[in-house]
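1. model this:
(chains A and B)
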Amino acid sequence: MTPFTNFESKMIPLPLNNVDTDQIIPARFLKTTSKLGLDKQLFNDWRYDADGNPKPEFVINKPEMQGRQVLLAGDNFACGSSREHAPWALTQWGLRAVISTSFADIFKQNALKNSLLPIVVPADVHAELLAAGDDAVVKIDLPNQLLTTPSGRQVEFPVDAFSKHCLLKGVDELGYILEQSAEIATFEASHPAHINALAAAV
Amino acid sequence: MPRTIIEKLWDSHVVHERPGAPTLLYIDLHLVHEVTSPQAFQGLRERGLKVRRPELTIATADHSIPTSDRSLPIVDQIARKQLEQLEANCKEFGIRCLGVHSDRQGIVHVIGPELGLTQPGMTVVCGDSHTATHGAFGALAFGIGTSEVEQVLAMQCLLQRKSKTFQVQVDGTLHAGVSAKDIILALIAQIGVGGGTGSIFEYTGSAIRALTMDERMTVCNMSIEGGSRAGLIAPDDTTFEYLSGRDHAPKAAEWDEAVVRWKQFGTDQGATYDRTLHIDANALEPMITYGTNPGMGVSINAPLPEPSQVADPLERDSITKALAYMGLEGGKPLVGHPIDVVFIGSCTNSRISDLRTAAGILKGRKVSDKVRVMVVPGSQEIKRQAIAEGLPEIFRAAGAEWREPGCSMCIAMNGDQLSPGQYSVSTSNRNFEGRQGKGGRTFLASPLTAAASAITGVVTDVRTLL
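-> A predicted model of the protein is given here:
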């Protein structure tokens, strides 16, 4: 993973509550065995018409939205399935952060593992960002956990210390877990006997 | 200090807790399927890692698999490649795979319990959000992403942060025509699809205790639709009776020891929850969803919401957008609305009791000639059981299709799908836009409501047919 660095960007507004993972990337595109190439299908069914042509009115198709790195979404963003294809598609399109009032649990964890920062803000800040207009810029400072709104207001956002470390250093969790092998073995030794071969053929 | 079952499950799986890091939690059972695992196996290969505990891991093919004749080659080349990849990965990494041609193949959340793999007191994960299903056995079971699938394959552990505890207490008795599906749809309609975010549900109360294991699985299955990654029910004699004699359940002396251990996984007297919500089972009616998330549900005869009467602007926009997508008007009930397809299946409602329920309504009747009715059993084992009971003949005689096991039209990855604009009454778990096929429109309901609507060709209150 690439280390997460501070940046500023205009926002892509998607002011809908409960945007689900089937909208972010429909299930029929999950037959791939690769992580790559999913940006083409991001928001597929909202983005293209029946003939596969981009709908000019859908927000990420607008020329001025190209290159923007922050999505401003509504409450409970990315509810639904556990598909990691959702953060893969979002990051491959170029997004680095999503701002919302809340995120679905599984998505939030998946996003953090893919250098996509889920930023939770209070409702009043969310309303301010939505009202700020199309060309308003936000600044994201992960080390200090600060979001600077277009009016210059600095808002602290929560990130747990471990995820923050992984994001800033560009390392993943598995490396850390691999180092715990001895302790895992100790735990396994205390396991109930019948669980030890649980799924072996009977 | 008195603890809830949620805390006991957590505490008994902590490998370590270190300041500044999430808890390292041990996973007892890892279920794998073709859609969310290929990139994880590739990750292992790139790092030169093995699967740490292949004997705690089991795979099956369910999402992309056709539900038509399995002796024929798979037409969809991308799906075929994915299914072949699963079998190849399992072979390479030493994992047992109940693949396309296995007589144990089935929906991952159906076969885990059916084989006796899912047991009380366990942690269970799968790269699928409906893993909560296994919570019905008093297990801590939750869906994970592909990076986490890779972590569990490699080290049998996950880094986890504690969730809040949310008790859903359901007391009373369900009336005729009202089922487990209606309990969970009513809960989600009440709290919304984000209502359980950051929490784990424990379902308690006399109405939950009265449910069979199949019904408990239906309730726990849809916990994620209320925003909660996991939902569980403390084990009791119903749980033990279900497990007794199953392939992977403990046997003889080990069984007795296991039951003693399992009985410890109950919530202690005096334990407290972060939140509690009560539902009166006596007051429940058959539920149906009208919108584009599972929280948009109403009692079957109730009028749909009028967007103009919703105060919150984003909420109003959501309902307006949902009604427009669904081609519905606010203020009117759904009963009587024409439908095109009925789907009876999915990890929510494809178990033998669901099929018996549907057959009970369809027996001696004909489905509407305007409606395509698909019955998709959850596993090969359920298929065999249904055949032994003569259920396929009942479905076929009524004019319904009897198909091969898989996720099918719940997720519409395998060619079983709605055409744009079509309406379905579906026993599955999600009514998101396009979930059952691009442009398709889903009404989620119980097997009873689905079977009743199949006969009339319109959304129907099953109580009019009982």
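2. ok, the residue lying closest to residue A:76 once chain neighbours are set aside - contacts?
-> Of all residues not flanking residue A:76 in the chain, residue B:194 sits nearest, at 3.5 Å (CB to CB, 6 or more residues apart in numbering or on different chains). The way it works is simple: take the backbone N, C-alpha and C, and place the C-beta from them, glycine included. Contacts for residue B:194 were tallied using CB atoms under 8 Å, 6 or more residues apart in numbering or on different chains; they are A:18, A:75, A:76, A:79, A:102, A:104, B:227.
3. In this structure the fourth one contacts residue B:193, no?
-> In this case it means residue A:79. Yes - if you go by CB atoms under 8 Å, residue A:79 and residue B:193 touch, sitting 5.3 Å apart.
4. of those two, who's got more company?
-> Applying other CB atoms under 10 Å in any protein chain shown to residue A:79 and residue B:193 shows that residue A:79 carries more neighbours, namely 32 against 26.
5. what's the distance between that one and chain B?
-> Distance, residue A:79 to chain B, using CB to the nearest CB, to the nearest Å: 5 Å.
6. Any figure for the gap between that residue and residue A:182?
-> Summarising the geometry, the distance separating residue A:79 from residue A:182, computed by CB to CB, to the nearest Å, is 38 Å.
7. same deal with residue B:168?
-> Computed as CB to CB, the residue B:168 to residue A:182 distance reads 40 Å.
8. which one of these two has more residues nearby?
-> Neighbours around residue B:168 and residue A:182, counted as other CB under 10 Å, are more numerous at residue B:168. The numbers are 29 against 8.
9. got a list of what that one touches?
-> Counting by CB under 8 Å, 6+ apart, residue B:168 touches B:187, B:201, B:202, B:203, B:204, B:231, B:276, B:277, B:279.
10. Kindly report the same for residue B:247.
-> Under the criterion of CB under 8 Å, 6+ apart, the contact list for residue B:247 reads A:202, B:115, B:116.
11. which among those residues end up buried?
-> Among the contacts of residue B:247, those scoring as buried are B:115, B:116 (criterion: 16 or more other CB atoms under 10 Å in any protein chain shown).
12. which stretches of chain A form strands?
-> According to DSSP state E, chain A carries its strands in the segments A:7-14, A:70-73, A:97-100, A:117-120, A:137-141, A:146-148, A:154-156.
13. can I get those strands in JSON lines with mean neighbour count, mean pLDDT and distance to chain B?
-> JSON lines is the format used below for those (neighbours: other CB atoms under 10 Å in any protein chain shown; pLDDT from 0 to 100; distance: least, CB to the nearest CB, whole Å):
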{"stretch": "strand A:7-14", "mean neighbour count": "18", "mean pLDDT": "98", "distance to chain B": "11"}
{"stretch": "strand A:70-73", "mean neighbour count": "25", "mean pLDDT": "98", "distance to chain B": "11"}
{"stretch": "strand A:97-100", "mean neighbour count": "24", "mean pLDDT": "98", "distance to chain B": "11"}
{"stretch": "strand A:117-120", "mean neighbour count": "22", "mean pLDDT": "98", "distance to chain B": "11"}
{"stretch": "strand A:137-141", "mean neighbour count": "18", "mean pLDDT": "98", "distance to chain B": "20"}
{"stretch": "strand A:146-148", "mean neighbour count": "18", "mean pLDDT": "98", "distance to chain B": "20"}
{"stretch": "strand A:154-156", "mean neighbour count": "13", "mean pLDDT": "98", "distance to chain B": "19"}
